[in-house]
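Chemist: Prediction below, plus the sequence it came from.
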Amino acid sequence: MTQRAKIDTGGSETEAGEPPVVHRPAGLTSAEVAERVARGEVNDVPLRSSRSTTDIVRANVFTRFNAIIGVLWVIMFIVAPIQDSLFGFVIVANTGIGIIQELRAKKTLDGLAVIGEAKPTVRRDGVAAELSTSEIVLGDLIELGPGDKVVVDGVVAEADSLEIDESLLTGEADPVVKQPGAAVMSGSFVVAGGGAFTATKVGRQAYAAQLAEEASRFTLVHSELRSGISTILKYVTWMMIPTAIGLIISQLVVKDNDLKNSIARTVGGIVPMIPEGLVLLTSVAFAVGVIRLGRKQCLVQELPAIEGLARVDVVCLDKTGTLTEGGMDVTELRPLNGSDEAYVRKVLGALGESDPRPNASLQAIIDAYPDSVDWRCTESLPFSSARKYSGAAFSEGNGEDSTWLLGAPDVLLSTDDPTLAEIDHLNEQGLRVLLLARTVHELDSPEVATDARPTALVVLEQRLRPDAADTLAYFADQNVATKIISGDNAVSVGAVAGKLDMPGAENTVDARQLPTDREEMAKVLDANAVFGRVSPQQKRDMVAALQSHGHTVAMTGDGVNDVLALKDADIGVSMGSGSEATRAVAQIVLLNNSFATLPSVVAEGRRVIGNITRVATLFLTKTVYSVLLAVLVVCSQVEYPFLPRHLTLLSTLTIGVPAFFLALAPNKERAKPNFVRRVMRYAIPGGVIAAAATFTTYLLARHHYSGEGALEAETSAATLTLFLVSMWVLAIIARPYTWWRLTLVAAMGGAFLLVLVVPWLQDFFALKLVGTTMPWAAVVIAAAGGALLELSYRWVSKRFPT
């Protein structure tokens, strides 16, 4: 085959009957490229995978709460012993951990992004080679084929039935046929045909570059978890400001005590109001999730995708490349209407050679039927998912001309054609069948498929992924509905689903019969699981219909026909071997092309959401009891019961250390909505009970103790009660129990007991229980608080179910 595009020969040919030579532009020379690089005319748009190191450090260090705690830390260094400044060292450690984990995540993301990056084919010095998008310079000649993304703005230089979809930029659903001289915009993608274009705008000047830089960069926006935490922190700040002012006035003005001690106790009241570790642990949980998934060759292009996939209740799967492997094998060739098999093989060989970028079906035909050197392609019609067939016109070696179509039998044949019964029998076995038909019309005629004469059936066998059945079973076990949405024949798709033991495989729906009304379509989608002959626009409509019924939808795919649906789905998942356009719009890319990685992504998302919900309850319980204790102290005009060292100890043992382990533990519970409500329904009663029990013990101790050292004894008794109630909250949050969770709770209790019995630790933390009456009273009050916690948690669970 020497020619693939339509050529106007002008009625003349070269000697020996060869077609005229077509001169392709050679592209820039190496010297021209060097000049443009020197002038800075390079496509320098940054990768979207991650934030810069500076951004990560800034985000972790320069926070509102770090500023407050930093000021208080400086004050405590001046007025109190080092043990009252421990809270500052904890914040430094937390910030350091956050930075290190996010930098690890950045390294993982950047490494995977390089593997998954689209590498356009650029022609320089007459030679085509794959280059990174950042190496493209102004004036480069970039080749295009089906599924390729237009990476910079340009003007078409060559076009071979080039059809480009600009819907992601303009909203226009129909592909645009591009001729030489037409403009192409970055962010669009090729749906059919091929060609090349000259780059006219690169870097941040390109049409979609600014949009991509803002919208596609590593981000934590559009996350219910992050927005929920931001909402909580906003309210905490508003509660904290007036309470802290009241505490400062009551401790420094009203009480006529030692100034330094009053300052220390004021700071001790303000610091625990701040849920400083909550944001940190959320970031760490996400970062660890990225690192874990990175080890499985899963590129998370937008962090909320981890959380989002955990909320998914419907997964839409494209059959080809997802449930089946990309490759196929020709298993049989069935000539029709008395056609000569040897002649049919020549036609198929020529058709295979006519497409410079064959899809999986055509590649199988190329492998099975080599090209005939004496056939010349004069015109080609590339495959399109919308029309379901491709075609080519040939000048045969004997001087004859012929035009052929290859595609879906049920599209090319009339509904009453007897051949369809034979095809249905093959489809029922899960085989893919293509029809070769000869047409009398020109390829550019709208009637090209009308009255096409069936010539042969090409039977292809698809290779099922060995892990597909287990993955479908996992989703079924997790109550996640799976929908197979394929452009292939409905019967064949149903047979493949049946081989995978997928429920609903026997009721396959032909998408051409689907209602166009969104509500009616949604009802059909809810009632069925397998759909065939779905057009690219229908895939998009089906995603929207499912979302209209309140479903959170994930869409997987690898072909250019999946791009629009992937973009509209709540979570788009692409295979690493998928088209450039598919990988560009997906939030998650499975670089190992393994569908079996998806359960790992779901599990990571559930771990993040479920565990952060647990951890947030611990942090906010502390915030609630700290604010209430401060209010009670202000109203009662008494000294604040704690020094910063006491609450640092309690926070570390009942929140900090346990939260770190709980945030990173496995959690298979499906993510539930209303994060703020679910956290606060436990944090408020827990905090109220803890504050009430602690203040009751403190007031009793004030009446029980007198003389020198009374305040320290009162503080120790109140600390004991607060620790025990906080431990009870931890014990409730840690359920259901496992051996390591029980060990964790017991270890924290043992650590506090150690402080109470080791003399130098008693002195260091200023904790010493005096006598037996008050310590036992503190234990009894804490036990009563624990009983109230159990009752309130059970009542809340029934009264405010999730």
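Modeler: Right, received. Where do you want to start? Numbering: from 1, shown residues only.
Chemist: List the contacts of residue 202.
Modeler: By CB atoms under 8 Å, 6 or more residues apart in numbering, residue 202 lies in contact with 41-44, 136-138, 152-153. The way it works is simple: take the backbone N, C-alpha and C, and place the C-beta from them, glycine included.
Chemist: and these as TSV, adding secondary structure, distance to residue 361 and neighbour count?
Modeler: Output for the contacts of residue 202, formatted as TSV (DSSP: H, G, I helix; E, B strand; the rest coil; distance: CB to CB, whole Å; neighbours: other CB atoms under 10 Å):
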residue	secondary structure	distance to residue 361	neighbour count
41	coil	41	20
42	strand	39	17
43	coil	34	25
44	coil	39	13
136	coil	32	26
137	strand	37	24
138	coil	38	23
152	coil	31	29
153	strand	33	21
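Chemist: Serialize those residues to TSV and add fields for distance to residue 585 and pLDDT.
Modeler: As requested, the contacts of residue 202 are arranged in TSV below (distance: CB to CB, whole Å; pLDDT from 0 to 100):
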residue	distance to residue 585	pLDDT
41	27	87
42	25	88
43	19	83
44	22	75
136	20	91
137	26	92
138	26	90
152	17	87
153	19	88
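Chemist: Pick the one among the residues you listed closest to residue 797.
Modeler: Among the contacts of residue 202, residue 44 lies closest to residue 797 (CB to CB), at 54.6 Å.
Chemist: could you list every residue that touches that closest one?
Modeler: Residue 44 touches 134, 202-204, counting by CB under 8 Å, 6+ apart.
Chemist: Now restrict these to buried residues only.
Modeler: Neighbour-count burial (16 or more other CB atoms under 10 Å) applied to these gives 202-203.
Chemist: Just name the lowest-scoring one in the contacts of residue 44, pLDDT-wise.
Modeler: In terms of pLDDT, the weakest of the contacts of residue 44 is residue 204, which scores 72.
Chemist: Wasn't it part of a strand?
Modeler: No. Using DSSP: H, G, I helix; E, B strand; the rest coil, the assignment for residue 204 is helix, not a strand.
Chemist: hang on, the earlier thing: quick check, nearest of the contacts of residue 44 to residue 463?
Modeler: Taking CB to CB as the measure, residue 463 lies nearest residue 134 of the contacts of residue 44, at 35.8 Å.
Chemist: In this structure the closest one contacts residue 42, no?
Modeler: Yes. Here residue 134 reaches residue 42: they are 7.2 Å apart, a contact under CB atoms under 8 Å.
Chemist: Helix, strand, or coil at the residue of the chain positioned farthest from its centre?
Modeler: Of all residues in the chain, residue 707 has its C-alpha farthest from the mean position, at 62.6 Å, by CA atoms, centre = their mean. Following three-state DSSP, the label given to residue 707 is coil.
Chemist: phi, psi of it?
Modeler: Geometry field for residue 707 lists phi and psi as phi 90, psi -170, criterion degrees, to the nearest 10.
Chemist: Likewise for residue 607?
Modeler: According to degrees, to the nearest 10, residue 607 has phi -60, psi -50.
Chemist: for residue 199, same thing?
Modeler: Residue torsions, per degrees, to the nearest 10, at residue 199 are phi -70, psi 120.
Chemist: Show the pLDDT at it.
Modeler: pLDDT at residue 199 comes out at 92.
Chemist: Quick check: bridge partners of it?
Modeler: Note on residue 199: beta-bridge partners by DSSP bridges are residue 154.
Chemist: Count the neighbours of it for me.
Modeler: Neighbourhood size, residue 199 [other CB atoms under 10 Å]: 27.
Chemist: still on that earlier bit, ok, the contacts of residue 44 vs residue 472, which is closest?
Modeler: Closest to residue 472, out of all of the contacts of residue 44 and judged by CB to CB, is residue 134, at 39.2 Å.
Chemist: I'd assumed the closest one was in a helix, is it?
Modeler: Yes. Remark: residue 134 belongs to a helix, assigned using three-state DSSP.
Chemist: So for it, what's the nearest residue that isn't a sequence neighbour?
Modeler: Leaving aside its chain neighbours, residue 134 sits nearest to residue 43 (5.9 Å; criterion: CB to CB, 6 or more residues apart in numbering).
Chemist: wait, isn't the one you found in contact with residue 131?
Modeler: No. Using CB under 8 Å, residue 43 is not in contact with residue 131; the gap is 9.7 Å.
Chemist: Can you give me the pLDDT of the residue most central in space within the chain?
Modeler: The centre of the chain sits closest to residue 305, judged by CA atoms, centre = their mean, with a distance of 2.3 Å. pLDDT, residue 305: 76.
Chemist: Now do the contacts for it.
Modeler: 571, 587-588, 601.
Chemist: Narrow the residues you listed to those in strands?
Modeler: Counting by DSSP state E, the contacts of residue 305 place 571, 588 in strands.
Chemist: Pull the most distant pair out of the contacts of residue 305.
Modeler: That would be 587 and 601, which, of the contacts of residue 305, are the farthest apart (CB to CB) at 10.1 Å.
Chemist: quick one: stretch 428-447 to chain centroid distance?
Modeler: Stretch 428-447 has its C-alpha centroid displaced from the chain centroid by 38 Å (CA atoms, centre = their mean, to the nearest Å).
Chemist: Identify each buried residue in that stretch, please.
Modeler: 430-439, 441, 443.
Chemist: Please identify which helix or strand holds residue 387.
Modeler: Assigned by DSSP states H and E, residue 387 belongs to neither a helix nor a strand.
Chemist: Tell me the pLDDT of it.
Modeler: Reported pLDDT for residue 387: 80.
Chemist: and it, what is it in contact with?
Modeler: Contacts of residue 387 by CB under 8 Å, 6+ apart are 407, 411.
Chemist: Now the phi/psi pair for it, please.
Modeler: According to degrees, to the nearest 10, residue 387 has phi -90, psi -20.
Chemist: Renumber starting at 27 from here on
Modeler: Yep, numbering from 27; the last one is residue 413 now.
Chemist: list the buried ones in stretch 807-820?
Modeler: 807-808, 810-812, 814-815, 818-819.
Chemist: same question for it, mean pLDDT?
Modeler: Averaged over stretch 807-820, pLDDT sits at 93.
Chemist: what's the answer for stretch 784-802, then?
Modeler: Stretch 784-802 comes out with an average pLDDT of 87.
Chemist: can you pull out the helices in the stretch 677-826 of the chain?
Modeler: Here the stretch 677-826 of the chain has its helices, by DSSP state H, counting those that start in this stretch, at 683-689, 701-730, 736-759, 765-783, 785-791, 799-825.
Chemist: now, of those helices, which is deepest in the fold?
Modeler: helix 736-759 (a mean of 23; mean count of other CB atoms under 10 Å).
Chemist: Would you mind giving the orientation angle of that one with respect to helix 765-783?
Modeler: Here helix 736-759 points in a direction 170 degrees away from that of helix 765-783 (axes from the mean of the first three to the mean of the last three CA atoms, to 10 degrees).
Chemist: Counting by contacts, list what helix 736-759 packs against.
Modeler: helix 624-662, helix 670-677, helix 701-730, helix 765-783, helix 799-825 (3 or more CB pairs under 8 Å, 6 or more residues apart in numbering; DSSP states H and E).
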